[in-house]
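**Student:** give me the fold of what follows.
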Amino acid sequence: MSEHVKSELCNIVRDILLNLGAYPLDNTSFLSWRKSENGNWQGAEEFRPSLSIGLMNNVPDELFTRCKNVMEECFPDYGVLIGTESGMQVRVDEQRVLGSLMGEIYNIKGNLILDEMVVESVVEDLLQYFKKAHINVEFIVPIVNLMLEEGVQEIPITDTLKIKRLTNAEFTDIHGGPLRSLIGSLKPHGARYPDIAFIGYFKDPIIKGMVLNEGQTLKSIFSLLDRAVLALRSYKNGSVGYLEIRLKALEYNLSFLGQNVKMQEAIPLDAYYLGLSDLSSFQNHIRLLVGKTNHSSLEVALSRLFDAENRPSSRDKLIDAVIGLEAILLSTNAKQPYRQELRYRFSLNYSTFFNTPESKLENFRKARSIYDLRSTIAHGGSFENNKTYSVGSQKLNPAEIANEACSMLRMLIKWSLHSGESPMYLKEGFWENRIFGVTED
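**Tutor:** Numbering: from 1, shown residues only. Prediction:
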């Protein structure tokens with residue numbers, strides 16, 4: 001039975017390809033990209049056949065009827081909705097089937113010249129699609145503001161996720177396409193298209209019929225990506241993140257995947273740089289975050305740094321950073337009473353991370369100044385961008401103060417991550433021992 005279906009579908013596709021001259025094909029303007037020798041991206045207009053409109057609207061009804069008859073004869077899924085959990089569902093009908101087959105041939109060959117082996121291959125892929133429980137999918141997520149040193153092509157994160165420079169084809173998939181659909185569209189970020197991305201892979205379940213789709217697979221991908229962005233923001237200072245995720249089927253897919261836009265935050269224009277010297281330490285850092293569970297106090301510190309690094313307002317950035325610092329410096333376990341004089345403990349505990357009496361005193365005063373400024377803001381006091389404020393022995397403007405607070409928090413987070421589930425600072429007497437230089441046995 002399946003051989004009969006395959007043979008008939010191959011014959012229908014051959015008939016279409018052999019008689020292309022009888023079917024007027026409209027060409028559409030398409031924007032493609034390539035990277036020049038000087039490192040700049042250059043766009044070029046090319047013309048590609050409009051398969052969905054020009055071809056499918058001119059194929060004789062007789063061929064559609066033959067396709068409908070053979071599919072109805074053998075496939076109970078014919079006429080129902082089908083798709084994937086992370087994409088959209090389409091109705092399985094003769095136009096969808098033939099349009100999909102022709103599109104797959106064009107994607108493989110770059111033209112619609114008859115090739116018997118290609119025809120048989122794509123028809124077989126279609127028939128296997130109806131038997132599968134899932135398809136393999138690649139996601140490409142442009143990273144806003146990230147720059148890699150020349151010589152760094154990719155950074156592995158997990159077995160299924162990496163940071164990678166985009167190829168010409170990948171860049172075109174994201175930032176190119178039919179010109180009529182791009183007219184009036186805005187660039188993803190400022191004047192520069194991101195050309196470095198998270199790239200990963202997952203298995204996308206196939207859904208048949210009217211099924212409530214809660215998108216759990218895609219939710220887990222967003223969670224993984226947010227964790228990877230958290231690793232970047234907690235590794236060094238700078239606004240970095242993503243605005244969208246592009247999905248691409250790695251095998252035959254009858255429905256659409258395309259683009260899923262994430263517009264939960266705006267990312268200020270910035271420059272976040274990773275060089276060759278960062279690779280080893282960054283990979284060690286990200287392994288402590290992706291797929292790991294940390295104590296709730298450390299998760300509060302991480303989430304506050306995640307938000308702080310993306311705040312355009314110095315006032316909001318400082319508030320977030322100090323809350324994160326408090327989560328570590330003032331955290332206690334259930335056996336320890338939450339004592340008063342938080343300002344003093346906050347500053348004294350922070351000073352224990354430095355070695356000489358002079359540096360301890362300077363950082364005690366810096367932490368106290370940061371804490372006081374946060375308290376002033378929280379109680380409605382002024383924090384004006386055109387003024388400077390005393391922070392320890394320095395005079396800093398609000399942007400510098402907020403960045404300094406984030407740097408302080410980042411240092412504590414890196415120190416804490418190695419004991420993520422059971423932080424050392426929760427041990428009874430931990431801060432007292434540090435203050436007086438007592439080492440544990």
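**Student:** distance between the biggest strand by length in the chain and the chain's centre?
**Tutor:** Longest strand of the chain, by residue count under DSSP state E: strand 196-208. Put simply, strand 196-208 sits 12 Å off its chain's centre (CA atoms, centre = their mean, to the nearest Å).
**Student:** in that strand, which residues are buried?
**Tutor:** In terms of neighbour count (16 or more other CB atoms under 10 Å), strand 196-208 has its buried residues at 196, 197, 198, 199, 200, 202, 204, 205, 206, 207. Where you see a C-beta, it was placed from the backbone N, CA and C, and this is true even at glycine.
**Student:** distance to residue 135 and pLDDT added to these, as a markdown table?
**Tutor:** Shown next, in a markdown table, are those (distance: CB to CB, whole Å; pLDDT from 0 to 100):
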| residue | distance to residue 135 | pLDDT |
| --- | --- | --- |
| 196 | 26 | 97 |
| 197 | 21 | 97 |
| 198 | 20 | 97 |
| 199 | 17 | 97 |
| 200 | 15 | 96 |
| 202 | 10 | 94 |
| 204 | 5 | 93 |
| 205 | 9 | 92 |
| 206 | 7 | 91 |
| 207 | 11 | 89 |
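**Student:** tell me which stretches of the stretch 101-250 of the chain form strands.
**Tutor:** Applying DSSP state E, counting those that start in this stretch to the stretch 101-250 of the chain gives strands spanning 134-142, 146-148, 154-158, 161-165, 177-178, 196-208, 244-249.
**Student:** quick one, which of these is nearest to residue 325?
**Tutor:** Smallest distance to residue 325 across the strands of the stretch 101-250 of the chain (CB to CB): 26.0 Å, for strand 146-148.
**Student:** so where's this protein uncertain?
**Tutor:** Scanning the chain for pLDDT under 70 picks out 1, 21-26, 51-56, 180-191, 210-214, 258-264, 332-340, 440-441.
**Student:** alpha carbons only: can I get the longest strand of the chain in CSV?
**Tutor:** This file holds the C-alpha atoms of strand 196-208, laid out as CSV (Å, rounded to 0.1, in the frame of the first residue of the first chain):
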residue,chain,number,x,y,z
ILE,A,196,26.3,36.0,17.3
ALA,A,197,23.7,33.7,18.6
PHE,A,198,22.7,30.9,21.0
ILE,A,199,22.2,27.8,18.9
GLY,A,200,20.6,24.7,20.3
TYR,A,201,18.6,21.6,19.5
PHE,A,202,15.5,19.8,20.8
LYS,A,203,12.8,17.3,19.9
ASP,A,204,9.5,18.9,19.1
PRO,A,205,6.4,16.7,19.6
ILE,A,206,4.0,16.4,16.7
ILE,A,207,0.4,17.2,17.6
LYS,A,208,-2.5,15.8,15.6
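**Student:** taking strand 154-158 as reference, get the angle to it.
**Tutor:** If you take axes from the mean of the first three to the mean of the last three CA atoms, to 10 degrees, strand 196-208 sits at 50 degrees to strand 154-158.
**Student:** list the strands paired with strand 196-208, with their directions.
**Tutor:** Applying DSSP bridges, strand 196-208 is found paired with strand 81-84 (antiparallel), strand 134-142 (antiparallel), strand 161-165 (antiparallel).
**Student:** could you dump these into CSV and include mean neighbour count and distance to residue 346?
**Tutor:** Putting those into CSV (neighbours: other CB atoms under 10 Å; distance: least, CB to CB, whole Å) gives the following:
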stretch, mean neighbour count, distance to residue 346
strand 81-84, 21, 50
strand 134-142, 20, 37
strand 161-165, 20, 36
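**Student:** can you put these in CSV and add distance to residue 227?
**Tutor:** As requested, the strands paired with strand 196-208 are arranged in CSV below (distance: least, CB to CB, whole Å):
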stretch, distance to residue 227
strand 81-84, 23
strand 134-142, 13
strand 161-165, 10
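**Student:** so which of those strands gets nearest residue 58?
**Tutor:** Of the strands paired with strand 196-208, nearest to residue 58 by CB to CB is strand 81-84, at 25.8 Å.
**Student:** chain center to that closest one: distance?
**Tutor:** With CA atoms, centre = their mean as the basis, strand 81-84 stands 24 Å off its chain's centre.
**Student:** next structured bit after it?
**Tutor:** Using DSSP states H and E, the helix or strand that directly follows strand 81-84 along the chain is strand 90-91.
**Student:** where along the stretch 251-400 of the chain do the strands fall?
**Tutor:** 258-261, 272-274, 389-391, 394-396.
**Student:** and for the nearest residue to residue 315 once chain neighbours are set aside, the neighbour number?
**Tutor:** Of all residues not flanking residue 315 in the chain, residue 383 sits nearest, at 5.1 Å (CB to CB, 6 or more residues apart in numbering). Residue 383 sits with 18 neighbouring residues when counted by other CB atoms under 10 Å.
**Student:** now residue 383: how far from residue 127?
**Tutor:** Going from residue 383 to residue 127 by CB to CB, to the nearest Å gives 66 Å.
**Student:** ok, residue 226 next?
**Tutor:** Distance from residue 226 to residue 127, by CB to CB: 39 Å.
**Student:** who's in contact with stretch 311-328?
**Tutor:** The list of residues contacting stretch 311-328 from outside it, by CB atoms under 8 Å, 6 or more residues apart in numbering, reads 266, 268, 297-298, 300-305, 307-309, 342, 346, 350, 367, 370-371, 373-374, 377-378, 383, 385, 397-399, 401-403, 405-406, 408-409, 412-413, 416, 423, 425.
**Student:** if you count contacts, what does the lengthiest helix in the chain end up packed against?
**Tutor:** Ordering each helix of the chain by length in residues (DSSP state H) puts helix 357-378 first. Using 3 or more CB pairs under 8 Å, 6 or more residues apart in numbering; DSSP states H and E, the elements in contact with helix 357-378 are helix 314-329, helix 342-351, strand 389-391, helix 398-416.
**Student:** ok, now with 7 Å
**Tutor:** Other elements packing on helix 357-378 under the criterion 3 or more CB pairs under 7 Å, 6 or more residues apart in numbering; DSSP states H and E are helix 314-329, helix 342-351, strand 389-391.
**Student:** residue 280: which of those is closest?
**Tutor:** With CB to CB, the closest approach to residue 280 among those belongs to helix 314-329: 25.3 Å.
**Student:** could you check the angle that closest one makes with helix 342-351?
**Tutor:** 70 degrees.
**Student:** got the CA positions of helix 314-329 in CSV?
**Tutor:** Extracted C-alpha coordinates of helix 314-329, given in CSV (Å, rounded to 0.1, in the frame of the first residue of the first chain):
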residue,chain,number,x,y,z
SER,A,314,20.8,54.3,37.7
ARG,A,315,18.3,54.6,40.5
ASP,A,316,16.6,51.3,39.7
LYS,A,317,19.9,49.6,39.0
LEU,A,318,21.3,50.5,42.4
ILE,A,319,18.2,49.4,44.2
ASP,A,320,18.3,46.0,42.5
ALA,A,321,22.0,45.5,43.1
VAL,A,322,21.8,46.3,46.8
ILE,A,323,18.9,44.0,47.3
GLY,A,324,21.0,41.3,45.7
LEU,A,325,23.9,42.1,48.0
GLU,A,326,21.6,41.9,51.0
ALA,A,327,20.5,38.5,50.0
ILE,A,328,24.1,37.2,50.6
LEU,A,329,25.6,39.6,53.2
